[in-house]
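A.B. asks: Based on what follows, work out the 3D shape:
(2 chains)
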Amino acid sequence: MLDKLNLSHKWRVIMTGLCFLTFLCGGLILTLTALPLILLFSSTPEQKEQRVLKLIHYAFKFFMRYMQMLNPIASFNVHGLEQVSSLKGVLFIANHPTLIDVVAIISCLPACQCIVKKSLLQNFCFGRLLRTAGYIANDHAVQLIDDCARRLQDRHSLLIFPEGTRSPADGLRPFTRGAAQIAIRTGAPIIPVVITCEPPTLSKGQPWYAVPPRPINLTLRFLPPLEVPSAVADKQGVPLQARALTQHLEHLFQQKLRGPKTSNPGLLDVGRCNPARPEIDFGCSL
Amino acid sequence: MITKEMIFARIQKLLVEVFELDESSIALDSHIYEDLDLDSLDAVELAVTLGAETGITLREEELRAIRTIADAVDILYQRINV
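C.D. replies: Predicted coordinates:
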């Protein structure tokens, strides 16, 4: 058996390219094969949605293992999932250090919808899958809040990246207030998901073949449902509450990403990954 | 007759009340997103509040066209004084 750590840089460039290709082709193949079968054998829109969500979940689960097998990823560690996996109608809010965050998170959650760029819902390879799964476009703020509220009332969970796009290399982007607006207007519990990636990979503007010096270690940490502090609840009106909650979330993520390792066992304090290719970024701007 | 100055004064007061903005930071040429740090949902919130007071419902395209406080004042002035 080949020692993964000794695989050459060039080999990992090829494998990374293969992963990109597999992702795009995989989306197209599922759109042409599994999706028509689901549409044919599902009687209600809800059933179609649930089945396509599961399909995406298992496809992403496979893809995470595939990336570990081909070596772009050395390790994928998940902490705290057991305490939140049974919850429904919650908002998962995550930082966004790397291109594969959404794939990693959805590989852990079988029925979670995501807010994505509108262009992604029109993507030739997997746009139809995402549309059928009920993924929400982020292009219209008011419509977006209505859509999210409806999903959450139906006990669906949502994934939002409040930075709007991938994090910069040196930390977090300022959080946009959309996630907090949704949480306050719907009363949905917030589950923060802290993501770390070491070493950083695929910086924004860098080509996909600029792979890091060694395979990445990706860690997801699902935190317990957020307790909204009185400093937020005491504010008068949604706009001020949304501002306070956004600030609270931003501080929480900064603290978790920079905090002492001892207070966060299992969470690698390794800084943040660089942003990566925008054209297939699932990140949303709220 | 409602003047533009009256509309501006009301918007200014609302921005202070609803968003806790500093009154002195609000001018006619203030950009509502860049200078006042509002977002599109805040703009809707403001439009709804103003609509409740004036009975005017701003159309989506009108709301999208608003960039500065002066834009908002002009649109409301035109709608009120039709």
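A.B. asks: from here on, contacts and neighbour counts on C-alpha atoms
C.D. replies: Fine.
A.B. asks: Figure out the helix or strand that A:Leu220 lives in.
C.D. replies: Using DSSP states H and E, A:Leu220 sits in strand A:216-222.
A.B. asks: Dump the C-alpha coordinates for that strand into CSV.
C.D. replies: Once non-C-alpha atoms are left out, strand A:216-222 reads as follows in CSV (Å, rounded to 0.1, in the frame of the first residue of the first chain):
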residue,chain,number,x,y,z
ILE,A,216,-5.5,18.9,4.2
ASN,A,217,-7.0,18.1,7.6
LEU,A,218,-10.6,19.2,7.6
THR,A,219,-12.4,19.5,10.9
LEU,A,220,-16.1,20.3,11.6
ARG,A,221,-17.2,21.1,15.1
PHE,A,222,-21.0,21.2,15.6
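A.B. asks: Please tell me how far that strand is from the chain's geometric centre.
C.D. replies: With C-alpha atoms, centre = their mean, to the nearest Å as the basis, strand A:216-222 stands 12 Å off its chain's centre.
A.B. asks: what does stretch A:93-100 give?
C.D. replies: Worked out by C-alpha atoms, centre = their mean, stretch A:93-100 lies 6 Å from the chain centre.
A.B. asks: Residue 41 - how many residues pack around it?
C.D. replies: You didn't pick a chain, so chain A it is. By other C-alpha atoms under 10 Å in any protein chain shown, 10 other residues sit near A:Phe41.
A.B. asks: Let me rephrase: I mean chain B.
C.D. replies: Neighbour number of B:Leu41 under other C-alpha under 10 Å is 18.
A.B. asks: That one: helix or strand, and which one exactly?
C.D. replies: helix B:40-54.
A.B. asks: So which elements touch that helix?
C.D. replies: Using 3 or more C-alpha pairs under 8 Å, 6 or more residues apart in numbering or on different chains; DSSP states H and E as the contact test, the elements touching helix B:40-54 are helix A:141-153, helix B:4-19, helix B:60-65.
A.B. asks: What residues does chain B have near chain A?
C.D. replies: B:18-20, B:39-42, B:44-45 (C-alpha under 8 Å from any C-alpha of the partner chain).
A.B. asks: re the thing from before, among the helices and strands packed on helix B:40-54, show the one with the smallest mean pLDDT.
C.D. replies: Mean pLDDT across the helices and strands packed on helix B:40-54 is lowest at helix B:60-65; the value there is a mean of 83.
A.B. asks: name the helices or strands packed onto that helix?
C.D. replies: helix B:40-54.
A.B. asks: what's near enough to touch residue 31?
C.D. replies: With no chain named, the answer covers chain A. By C-alpha atoms under 8 Å, 6 or more residues apart in numbering or on different chains, the residues touching A:Thr31 are A:125-126, A:128-129.
A.B. asks: wrong chain, I was asking about chain B
C.D. replies: Contacts of B:His31 by C-alpha under 8 Å, 6+ apart are B:67-69.
A.B. asks: Can you show me the strands along the stretch 51-200 of chain A?
C.D. replies: Per DSSP state E, counting those that start in this stretch, the stretch 51-200 of chain A carries strands over the ranges A:73-79, A:91-94, A:112-116, A:136-137, A:157-160, A:190-198.
A.B. asks: Report the inter-axis angle for the first one versus strand A:190-198.
C.D. replies: Relative orientation of strand A:73-79 versus strand A:190-198 (axes from the mean of the first three to the mean of the last three C-alpha atoms, to 10 degrees): 150 degrees.
A.B. asks: Against which helices or strands is strand A:73-79 packed?
C.D. replies: Strand A:73-79 packs on helix A:45-70, strand A:216-222, going by 3+ C-alpha pairs under 8 Å, 6+ apart.
A.B. asks: How about residues contacting it?
C.D. replies: A:64, A:67-68, A:215-222, A:266.
A.B. asks: out of the contacts of B:His31, which are inside strands?
C.D. replies: Among the contacts of B:His31, no member falls in strands (criterion: DSSP state E).
A.B. asks: any chance of those in TSV, plus neighbour count, distance to B:Ile75 and pLDDT?
C.D. replies: What follows is the contacts of B:His31, written out as TSV (neighbours: other C-alpha atoms under 10 Å in any protein chain shown; distance: C-alpha to C-alpha, whole Å; pLDDT from 0 to 100):
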residue	neighbour count	distance to B:Ile75	pLDDT
B:Arg67	16	11	91
B:Thr68	18	11	93
B:Ile69	19	10	94
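A.B. asks: doesn't A:Ala180 make contact with A:Leu245?
C.D. replies: Yes. Using C-alpha atoms under 8 Å, A:Leu245 is in contact with A:Ala180, at 5.9 Å.
A.B. asks: Quick check on those two: which one has the bigger neighbour count.
C.D. replies: A:Ala180 (28 against 24).
A.B. asks: Could you report the neighbour count for the residue nearest to that one when sequence neighbours are not counted?
C.D. replies: Nearest non-adjacent residue to A:Ala180, counting by C-alpha to C-alpha, 6 or more residues apart in numbering or on different chains: A:Ala242, 5.0 Å away. Neighbours of A:Ala242 under the rule other C-alpha under 10 Å: 25.
A.B. asks: list the contacts for A:Ala242?
C.D. replies: A:177, A:180-181, A:184, A:232.
A.B. asks: Just the ones of those in helices?
C.D. replies: A:180-181, A:184, A:232 (DSSP state H).
A.B. asks: what's the closest of these to chain B?
C.D. replies: Of all those, chain B sits closest to A:Gln181, with 8.3 Å by C-alpha to the nearest C-alpha.
A.B. asks: Run through the residues that contact that closest one.
C.D. replies: Taking C-alpha under 8 Å, 6+ apart as the test, what A:Gln181 contacts is A:145, A:238-239, A:242.
A.B. asks: what's the distance between it and A:Leu55?
C.D. replies: 30 Å (C-alpha to C-alpha, to the nearest Å).
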